[in-house]
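Give me a 3D structure for the following:
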Amino acid sequence: MVNAATYDLATKGIDAPFALVDLEAFDANVADLARRAAGKPIRVVSKSVRCRYLLERVLAQPGFEGLMCYSLAEALWHVEQGTTDDILIAYPTADHAALRRLAADERARAAISIMIDSSEHLDLVDSALGHDHPEIRVCLELDASWRPLPGVHVGTRRSPVFTPKQAVAMTRNVMARKGFRLVGMMGYEGQIAGLGDKASNGLKNTVVRWIQRRSIAELAKRRGAAVRAVRELVDLEFVNGGGTGSIESTGAEAAVTEIAAGSGLIGPTLFDEYTRFTPRPAALFALPVVRRPTKKIATLYAGGYVASGPVGPARLPSPYLPAGLKLVSLEGAGEVQTPVTGEAAHDLRLGDRVYLRHVKAGELAERFDEYHIIAGERIERTVPTYRGEGQNFG
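Residues are numbered from 1 along each chain as shown. Have a look, this model is predicted:
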């Protein structure tokens, strides 16, 4: 079992704050994702990693094929770097400059598929490139939320395309437009993949599982029908679905040809709330103790790395090592200081490190220029994050 002393020994020549990736934990998470996918290929979600070295390491393993990027500019950069020649953009783009770069680059056009869910997305591309632009590969997003009753929406707010009939109508729209080719379909079931079912509240736990069981059944039927209907019109290269939290249920759908996953590689605290799998904490950040305001409290330098999403304590980083620490509830994690308390706080001295975990997988990389890759009690290498390579994709 890894402890703070192991990381202290490996990083003894480095001043905190810094971020590290435990290579043994990372590789174990890679293997576990592949095991859970049961032979169905996984498309690696780049926003959950944001480090080219780690992305390339995963893509070199059996069972992982292609990237799912969060911006077109990011995808173009990966093509330039030679990371992969198979990239799906998870979100529609309004980046005219990036669209012009895509249209001008034959290699990028062959590698990248952009996301659409309306004719307005096609209009936007035409407005950026003109009506005689080269063929652009597009993927149609099907809304994968659960709508059990009129006006009830459970899941993320994404595509307006919900029914097989709407998917067919949008497919015909693409087919009628010069300069576009529909190559894939995608659906993200956030209410399954992104919602933990191991809540401390027993009633909430029961409700979440009830929602997920019914949503899984409804989506499999609806997505299957939509894919069959669209395949009668076009020859789809792929149908993407899911996320780290729904690998088993998504992979079980015959209509789905690949699964999107990325956060499970890192093992952030968000996934502590799942019963279906337990990723190992692979990415941590270390903060130094700089104050001892009381015998029961040690104050760390910086640390206000709050995760995106609904505001609340659940979005704060968590002290991990040494065990037995917690944030001070009235102060939380701050821009310039983060006090911690608990049994382990008594023994902390000025200059000691506390290792913390982020709530989200990829957002930690936005705070640090580099990751120190730890193998046992040594740093195997130090690699740049996106930020360290001078890349900021918003």
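
Alpha carbons of stretch 178-189, as PDB, please.
The C-alpha coordinates for stretch 178-189 follow below in PDB (Å, rounded to 0.1, in the frame of the first residue of the first chain):
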ATOM      1  CA  LYS A 178     -22.700  19.400 -49.900                       C
ATOM      2  CA  GLY A 179     -19.400  19.200 -48.100                       C
ATOM      3  CA  PHE A 180     -20.400  16.900 -45.200                       C
ATOM      4  CA  ARG A 181     -20.300  13.200 -44.600                       C
ATOM      5  CA  LEU A 182     -22.000  11.500 -41.600                       C
ATOM      6  CA  VAL A 183     -19.600   8.900 -40.300                       C
ATOM      7  CA  GLY A 184     -20.800   8.200 -36.700                       C
ATOM      8  CA  MET A 185     -23.300   8.600 -33.900                       C
ATOM      9  CA  MET A 186     -22.700   9.400 -30.300                       C
ATOM     10  CA  GLY A 187     -24.600   9.500 -27.100                       C
ATOM     11  CA  TYR A 188     -23.500  10.200 -23.500                       C
ATOM     12  CA  GLU A 189     -25.600   8.800 -20.800                       C
END
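
List the buried residues for it?
Residues 179-180, 182-189 are the ones in stretch 178-189 that count as buried (16 or more other CB atoms under 10 Å). The C-beta positions use only the backbone N, C-alpha and C, and glycine is treated the same way.

Among the residues you listed, list the two that are farthest apart in space.
Spatial extent of the buried residues of stretch 178-189 (CB to CB) is set by the pair 179 and 189 at 31.0 Å.

Can you verify my assumption that residue 212 contacts residue 193?
No: using CB atoms under 8 Å as the test, residue 212 is too far from residue 193 to be in contact (9.7 Å).

Looking only at neighbour counts, state which of those two leads.
Comparing residue 212 with residue 193 by other CB atoms under 10 Å, the one with more neighbours is residue 193, at 25 against 22.

Spatially, what comes nearest to that one if we skip its sequence neighbours?
residue 243 (3.0 Å; CB to CB, 6 or more residues apart in numbering).

what about that neighbour, neighbour count?
As a measure of burial, residue 243 has 22 neighbours, counting by other CB under 10 Å.

now do residue 350
Residue 350 has 11 neighbouring residues, counting by other CB under 10 Å.

list the contacts for it?
289-292 (CB atoms under 8 Å, 6 or more residues apart in numbering).

ok, 10 Å please
Each residue near residue 350 by CB atoms under 10 Å, 6 or more residues apart in numbering is listed here: 288-292, 298-299.

just to revisit the earlier point, identify the contacts common to residue 212 and residue 193.
Contacts common to residue 212 and residue 193, judged by CB under 10 Å, 6+ apart, are 245-246, 249.

Now go through these and say which are in helices.
Judged by DSSP state H, the shared contacts of residue 212 and residue 193 include residue 249 as members of helices.

okay, who's weakest in the shared contacts of residue 212 and residue 193 by pLDDT?
The lowest pLDDT within the shared contacts of residue 212 and residue 193 belongs to residue 245, with 89.

Excluding residues flanking it in the chain, which one is nearest it?
residue 193 (4.0 Å).

Identify the single longest strand in this structure, thanks.
Assignment by DSSP state E gives strand 283-294 as the longest strand of the chain.

tell me the average confidence for that strand?
Strand 283-294 carries an average pLDDT of 98.

Could you do stretch 4-12 as well?
Stretch 4-12 carries an average pLDDT of 96.

Show me what that stretch is in contact with.
For stretch 4-12, contacts defined as CB under 10 Å, 6+ apart pick out 2, 18, 20, 22, 284, 286, 320-323, 344, 352-355, 372-380.

Now for residue 60: which residues touch it?
The contact partners of residue 60, taken as CB under 10 Å, 6+ apart, are residue 30.

now swap in residue 86 and tell me
Residue 86 neighbours (CB under 10 Å, 6+ apart): 43, 59, 65-68, 110-113, 237-238, 258.
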